[in-house]
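Asks: Everything below, folded, please.
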Amino acid sequence: MGRRSKNQLFEGVKVVDTASKGKTVAKTDKGAIIFLNSGVPGDVVDISTYKKRKGFYEGNIVKFHTLSEHRTEPVCEHFGVCGGCKWQHMKYDAQLIFKQKEVAENLKRIGKLDLPELKPILAVENPYWYRNKMEFSFSNQRWLTKEEVDSGIEINRNALGFHKPGMWDKIVDVDKCHLQADPSNAIRNFVRSYAHKNELTFFDPKNQVGFLRSLMIRTSSTDEVMIVLQIFHKEDAILFPLLDAVATEFTNLISIQYVINGKANDTIYDQEIVCYKGQDFITEVMEDLQFKITAKSFYQTNSLQAYELYKVVRELADLKGDELVYDLYTGTGTIAQFVAQNALKVVGVDVVPDSIEAAKTNAIHNKIDNVFFETGDMKDIFTEDFITRHGKASVVITDPPRDGMHKDVVQQLLYLNPERIVYVSCNSATQARDLYLMKENYRVIASQAVDMFPQTHHVENVVLLEKRNSK
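Replies: As a prediction, this is how the structure comes out:
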């Protein structure tokens, strides 16, 4: 007997929930589970499946019968194509509900934790124009619509925008993105127009040829703007007129930089960045602190909401002024410096040397003399010797990447046995996994979700842990 076809049509199915990676979940009357790349909980739809897995299907919506009350009209013409804002068709208040729900379910299901009443998720004031950093890619392989393909007309394939999901070599040409405030769109469109007019070559990712590779635009809450143009090879006669044209058109740019990258990938963190005009940094301000942000700096992508996040961390840490604090995965030391005035001493650790150098520079600039920084892989540097050198911390703040903490770091935390741990996470699933490993020694006192990335499924969560033998 042959296998049943993976391509099936399910009619009148209700979308019941959201899932990981921005997907949604539909469930048939007979209990079949179907994961969708679109849909909003509450929609009633017909679905054509394209893949069958053990226990579930994957499919696409082919017809709507009822639209969810949570659905709204996307504001961006590129929605559904570029893949950047997977939830733009969902009302913002509904996004918050499902983000909070995901955090709670991960902590309960994966962490198997007894939770206090969760604090309401912190919303942003404006769910658009919030990103302070965007990276746009040049390509001579613009993604074409079906209508363009079927037209048979020769089309300019140069593009400056975002990678099409699932197509590493195709770029969606972006006219207006609603994530970064002006002058971001104007700068990107000017550079693309100049390149077309002057017949500059766009990068060919398959054949590794072409001149223009990527354009990074960084902005700050102080209204400073930096651009970093990445090129495949240096041609001063082409490069310098382009940068001069940008400087003339946008006279308020604080920093104009470029990087020559002849590697196969676009990563610039191992490349030299040249400052062409202005200074090589922009400045972020948070209360009485200033942070110099370079092209390679890590800084929370939503500046205004980062301040709200750090206030949550500071509140939960509840420092009295006599504590030694470890700030694990410190990045450029922003949290370490933000809480330093409330602590006796703060020690920050990160694996990226450039980040630690930036942390030290910013600490000196901010005249903070009770923070200390070390460079190293967390699982290798966070050892008994580290504790001997710096002293035994009573409070630990940890803000690991999406993969969470290495199991050796978790074990070392348990050995350190601090009074309180404030765990900041951009992935509540791996956060819950780590909390499960510590649940015998620590209990969850508070959990606060913070929405940093509206129109997407991503959400930050901050958890306060307290030793079980504490008062």
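Asks: Please name the residues that touch Ser339.
Replies: I think there's a mix-up here, since residue 339 is Val and not Ser. Shown in contact with Val339 (C-beta atoms under 8 Å, 6 or more residues apart in numbering): 313-314, 317, 319, 325, 327, 346, 397. The C-beta positions use only the backbone N, C-alpha and C, and glycine is treated the same way.
Asks: So which of those belong to helices?
Replies: 313-314, 317 (DSSP state H).
Asks: Would you format those as JSON lines with neighbour count, distance to Val13 and pLDDT included?
Replies: Shown next, in JSON lines, are those (neighbours: other C-beta atoms under 10 Å; distance: C-beta to C-beta, whole Å; pLDDT from 0 to 100):
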{"residue": "Val313", "neighbour count": "21", "distance to Val13": "42", "pLDDT": "98"}
{"residue": "Arg314", "neighbour count": "17", "distance to Val13": "46", "pLDDT": "97"}
{"residue": "Ala317", "neighbour count": "22", "distance to Val13": "46", "pLDDT": "97"}
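Asks: how about those residues in TSV, adding distance to Arg468?
Replies: Shown next, in TSV, are these (distance: C-beta to C-beta, whole Å):
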residue	distance to Arg468
Val313	22
Arg314	24
Ala317	19
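Asks: Out of the residues you listed, which is nearest to Trp129?
Replies: Val313 (24.8 Å; C-beta to C-beta).
Asks: Contact partners for the closest one?
Replies: 335, 338-339, 397, 422, 424, 462.
Asks: show me where the chain has helices.
Replies: 92-109, 146-151, 184-197, 236-249, 303-317, 334-340, 353-365, 378-381, 384-390, 407-416, 428-438.
Asks: Which pLDDT does the model give Arg468?
Replies: Note on Arg468: pLDDT of 89.
Asks: and the nearest residue to it once chain neighbours are set aside, how many neighbours?
Replies: Nearest residue to Arg468 in three dimensions, chain neighbours excluded: Arg443, at 5.5 Å (C-beta to C-beta, 6 or more residues apart in numbering). By other C-beta atoms under 10 Å, the residues close to Arg443 number 18.
Asks: Tyr415 too?
Replies: Counted with other C-beta under 10 Å, Tyr415 comes out at 11.
Asks: if I read this right, Thr375 contacts Asp350, doesn't it?
Replies: Yes: Thr375 is in contact with Asp350 according to C-beta atoms under 8 Å; the separation is 6.6 Å.
Asks: Between these two, tell me which one has more neighbours.
Replies: Asp350 (27 against 16).
Asks: Spatially nearest residue to the more buried one (excluding sequence neighbours)?
Replies: Thr330 (4.8 Å).
Asks: For Leu122, name its beta-bridge partners.
Replies: The partner list for Leu122 in beta bridges (DSSP bridges) reads Val450.
Asks: so what's it up against?
Replies: Here Leu122 is in contact with 305, 308-309, 312, 448-451 (C-beta under 8 Å, 6+ apart).
Asks: change it to 10 Å
Replies: Contacts for Leu122 (C-beta atoms under 10 Å, 6 or more residues apart in numbering) come out as 96, 305, 308-309, 311-312, 448-452, 459-460, 462.
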